[in-house]
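J.: below: sequence and its predicted model.
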Amino acid sequence: MIRFENVGLRYGMGPEILRDITLQIPERSFQFLSGPSGAGKTTLLRLLFLSLKPTRGLITVFGKDRARIPRSELPLLRRRIGVVFQDFRLLDHMTTYENVALPLRVRGREESSYRTDVTELLKWVGLGERMHVLPPVLSGGEKQRTAIARALIEQPEILLADEPTGNVDPQLARRLLRLFIELNRLGTAVVIATHDLGLMDQVDARRLILSGGRLDIYD
Amino acid sequence: MTDLSADHPKESSAGRVEVRERIQRRSAPIVPAGNIAGRALVLVIAIMTFLSCLTFGAVTLVRDTASVWENQISREATIQIKPADGLDMEAALATAAEIAAATPGVTGTRIVDRDATARLLEPWLGAGLDIEALPVPRLVIVTIDEVNPPDFTALRTALAGKLPTAGLDDHRTWVDRLVAMARTTVAIGIAVLALMLAATVLTVVFATRGAMAGNGHIIEVLHFVGAEARFIAREFRRHFLLTGMKGAAAGGAAAILVFIVFSWWSSRNMATPQADQATALFGHFAIGWAGYLGVFLMVLVIGVLTAATSHATVVAFLSDLDARQTDTG
């Protein structure tokens, strides 16, 4: 689905942060992206999410060469990729429900057409009772689940999550992990960036380990 | 399903109805309705519009007044007959009026009679003046066809032939002075208006950018959830068009209110010295339909300007997001 071939990236004139990355995210796959802090996990996720362009190498997204995708087409591709940001990026003036419905709203869909979907999804992530609450009132874990629900509402083909368990206790982390596994079982490819070894040990999944700008893959 | 959903047992049907009802309320706008910067923007726009409209009204007023002065004074000329020994003043006045009336371009003549002359002199010589006792010059007011004015030189020569003590004052000196003064005043007014409009434009642009600065995260989130640049720009444009119009309408309405109050005040105090003074200077204090149209246009322009600025800011922000990508790439 997404393929990297000898991808390198540097910020400005600085040193290369990522070097010779070659990887493939197949459909319906499940993988952890790990490595020490500052190893470039977030940068790699941003490359996957088309929010950065590589300095060199080839990235193919849904069969298209990243370098040849016109700017106007990027939003359409982004809709096929769900992202959970480390800092959630929820809009504080919108309720949980509205935040989750946002990706559908920006596509110009009528509220009546997605109301049930959003409600169902919110119940699925356990936020049925918190649907009409503004994010500042939510706990860290609830914000996390809202962000996840927003990433899932469009039924993306691939879900990228940046430290999705970074702000929650181990018990909730396990529950979120199960949520991702369930999602994967339903057909979405999942990439979870984390440096939580305990979390990774709970699932027998592919591991992408970044260190010193290089990527090692353990299948 | 995961055990996450198990944490929340199925809701009762009553609860479900309640939830549905709550969902059916109007959803929050994508751009939040009001924060401090937004309110400040409305206020700044209102104040700037108010001042611009006042300036515009003042310039309109001065321009109208200036043209009224000009017309009134150039509509008339005066024949002055100085008394001399053996001169029959009444006959001389009648002759002068006759000569003037016979000149092409004169539409009418009026002899200022004794009583009127006495009233003219009253402020200086006091009431109860016996006009016969003094060698007071008498006047004939000649009304002129503005479009086709008479030949003043010929009229002057004709008068001098019959009445050596008569003089013709065509007010040319005064008209020229007034015209020069009025034009200067209007020019200054237009310059002030131009400065005011420039200041308004800049203030509106900067205040909008200030209000937009707090919305960067919204643009970013919309961008990342796959919103097209067109969609984001449209949302912000709509929001800021409304904000701008709201502020501008408040400012414009306040300005119109000031005009109405002034014109009411001047009509109510018609006969008082203050009002006479104001009327002498400005005519009737009213800005007319052109003034109101100007205020309306101003409101529209400022609304559009605010929307355009927010649009430009969104586009710049988005291309900056993209530039960050290409910078590194």
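T.: Noted; the coordinates are in hand. Numbers count the residues shown, from 1 in each chain, chains lettered A, B, ... in the order given.

J.: show me what residue of the stretch 51-200 of chain B gets nearest to chain A.
T.: With CB to the nearest CB, the shortest gap between the stretch 51-200 of chain B and chain A falls at B:Thr200, namely 29.3 Å. Using the backbone N, CA and C atoms, a C-beta is placed for each residue, glycine as well.

J.: centre-most residue in chain A?
T.: Against the mean C-alpha coordinate of chain A, by CA atoms, centre = their mean, the closest residue is A:Leu160 at 1.9 Å.

J.: next, see if the one helix or strand it maps to gets close to chain B.
T.: Here A:Leu160, judged by DSSP states H and E, is contained in strand A:158-162. No: applying CB under 8 Å from any CB of the partner chain, one finds strand A:158-162 separated from chain B by no less than 10.8 Å.

J.: can you list the residues that contact that strand?
T.: A:1-2, A:25, A:41-42, A:45, A:48-49, A:80-86, A:148, A:151-152, A:180, A:183, A:188-193 (CB atoms under 8 Å, 6 or more residues apart in numbering or on different chains).

J.: can you narrow the residues you listed down to the ones near chain B?
T.: A:Phe49, A:Val83, A:Phe85.

J.: so how far is A:Ile153 from the closest residue to the last one other than its chain neighbours?
T.: Ranked by CB to CB, 6 or more residues apart in numbering or on different chains and with sequence neighbours excluded, the top spatial neighbour of A:Phe85 is A:Asp162, at 5.8 Å. Taken as CB to CB, to the nearest Å, the spacing of A:Asp162 relative to A:Ile153 amounts to 18 Å.

J.: tell me which helix or strand comes right after the helix or strand harbouring A:Leu183.
T.: In this assignment (DSSP H and E), A:Leu183 forms part of helix A:170-185. Later in the chain than helix A:170-185, the nearest helix or strand by DSSP H and E is strand A:189-193.

J.: which residues touch that next one?
T.: A:1, A:25-34, A:41-42, A:44-45, A:48, A:157-164, A:177, A:180, A:183-184, A:199, A:208.

J.: partner strands of the strand holding A:Leu160, with direction?
T.: Next to strand A:158-162 in the sheet, as set by DSSP bridges, lie strand A:81-84 (parallel), strand A:189-193 (parallel).

J.: most packed of these?
T.: Counting by mean count of other CB atoms under 10 Å in any protein chain shown, strand A:81-84 has the highest mean neighbour count of the strands paired with strand A:158-162, with a mean of 26.

J.: report all helices and strands that the next helix or strand after that one contacts.
T.: Per DSSP H and E, the first helix or strand lying C-terminal to strand A:81-84 is helix A:96-105. When contacts are defined as 3 or more CB pairs under 8 Å, 6 or more residues apart in numbering or on different chains; DSSP states H and E, helix A:96-105 packs onto helix A:111-124, helix A:140-152.

J.: ok, which of those comes nearest B:Glu98?
T.: Closest to B:Glu98 of those is helix A:111-124 (CB to CB; 88.8 Å).

J.: circling back to that earlier point, out of the helices and strands packed on helix A:96-105, nearest to B:Ala33?
T.: Of the helices and strands packed on helix A:96-105, nearest to B:Ala33 by CB to CB is helix A:111-124, at 18.2 Å.

J.: how near is B:Thr203 to B:Gly57?
T.: For B:Thr203 relative to B:Gly57 (CB to CB), the value is 19 Å.

J.: of those two, who's got more company?
T.: Remark: of B:Thr203 and B:Gly57, B:Gly57 carries more neighbours, 24 against 17, as counted by other CB atoms under 10 Å in any protein chain shown.

J.: that one: what's it in contact with?
T.: B:Ala255, B:Phe259, B:Ile287, B:Gly291, B:Gly294, B:Val295.

J.: name the element it belongs to?
T.: Secondary structure from DSSP H and E places B:Gly57 in helix B:36-74.

J.: the helix or strand following that helix pairs with which strands, and in what direction?
T.: Next along the chain after helix B:36-74, taking DSSP H and E as the criterion, comes strand B:76-81. Strand B:76-81 pairs in its sheet with strand B:138-144 (antiparallel), strand B:166-169 (antiparallel), by DSSP bridges.

J.: quick check: which of those strands is buried the most?
T.: The stretch of those with the highest mean neighbour count (mean count of other CB under 10 Å) is strand B:138-144, at a mean of 21.

J.: toward the C-terminus, what is the element adjacent to that one?
T.: Next element after strand B:138-144 (DSSP H and E): helix B:152-162.

J.: so what's B:Gly38 up against?
T.: B:Pro32, B:Ala211, B:Thr243.

J.: return only those of those found close to chain A.
T.: B:Pro32.

J.: which among the contacts of B:Gly38 gets closest to B:Val314?
T.: For those, the nearest to B:Val314 is B:Ala211 (12.3 Å; CB to CB).

J.: from B:Phe50, how far off is the closest one?
T.: 19 Å.

J.: what about the two, which has more around it?
T.: B:Ala211 (26 against 23).

J.: A helix includes that one, no?
T.: Yes: counting by DSSP: H, G, I helix; E, B strand; the rest coil, B:Ala211 falls inside a helix.

J.: please verify my assumption that it contacts B:Arg39.
T.: No: taking contacts as CB atoms under 8 Å, B:Ala211 lies outside contact range of B:Arg39: 9.1 Å.

J.: on the three-state scheme, the residue in chain A that chain B sits nearest to is what?
T.: Residue of chain A nearest chain B, by CB to the nearest CB: A:Lys53 (2.8 Å). Of the three states, A:Lys53 takes coil according to three-state DSSP.

J.: that one - how many residues pack around it?
T.: Counted by other CB under 10 Å, the residues lying close to A:Lys53 total 19.

J.: backbone dihedrals for it, please?
T.: Phi and psi for A:Lys53, reported as degrees, to the nearest 10, are phi -110, psi 140.

J.: quick check, it in contact with A:Arg68.
T.: No: in this structure, A:Lys53 is not within contact of A:Arg68 by CB under 8 Å, at 11.5 Å.

J.: near chain A, which residues of the stretch 101-250 of chain B?
T.: Counting by CB under 8 Å from any CB, the residues of the stretch 101-250 of chain B close to chain A are B:217-218, B:220-229, B:231.

J.: export these to JSON lines and tack on pLDDT, secondary structure and neighbour count?
T.: What follows is these, written out as JSON lines (pLDDT from 0 to 100; DSSP: H, G, I helix; E, B strand; the rest coil; neighbours: other CB atoms under 10 Å in any protein chain shown):
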{"residue": "B:His217", "pLDDT": "87", "secondary structure": "helix", "neighbour count": "13"}
{"residue": "B:Ile218", "pLDDT": "90", "secondary structure": "helix", "neighbour count": "22"}
{"residue": "B:Glu220", "pLDDT": "88", "secondary structure": "helix", "neighbour count": "17"}
{"residue": "B:Val221", "pLDDT": "90", "secondary structure": "helix", "neighbour count": "23"}
{"residue": "B:Leu222", "pLDDT": "91", "secondary structure": "helix", "neighbour count": "27"}
{"residue": "B:His223", "pLDDT": "88", "secondary structure": "helix", "neighbour count": "22"}
{"residue": "B:Phe224", "pLDDT": "87", "secondary structure": "helix", "neighbour count": "20"}
{"residue": "B:Val225", "pLDDT": "89", "secondary structure": "coil", "neighbour count": "25"}
{"residue": "B:Gly226", "pLDDT": "87", "secondary structure": "coil", "neighbour count": "24"}
{"residue": "B:Ala227", "pLDDT": "89", "secondary structure": "coil", "neighbour count": "26"}
{"residue": "B:Glu228", "pLDDT": "89", "secondary structure": "coil", "neighbour count": "21"}
{"residue": "B:Ala229", "pLDDT": "88", "secondary structure": "helix", "neighbour count": "21"}
{"residue": "B:Phe231", "pLDDT": "91", "secondary structure": "helix", "neighbour count": "18"}
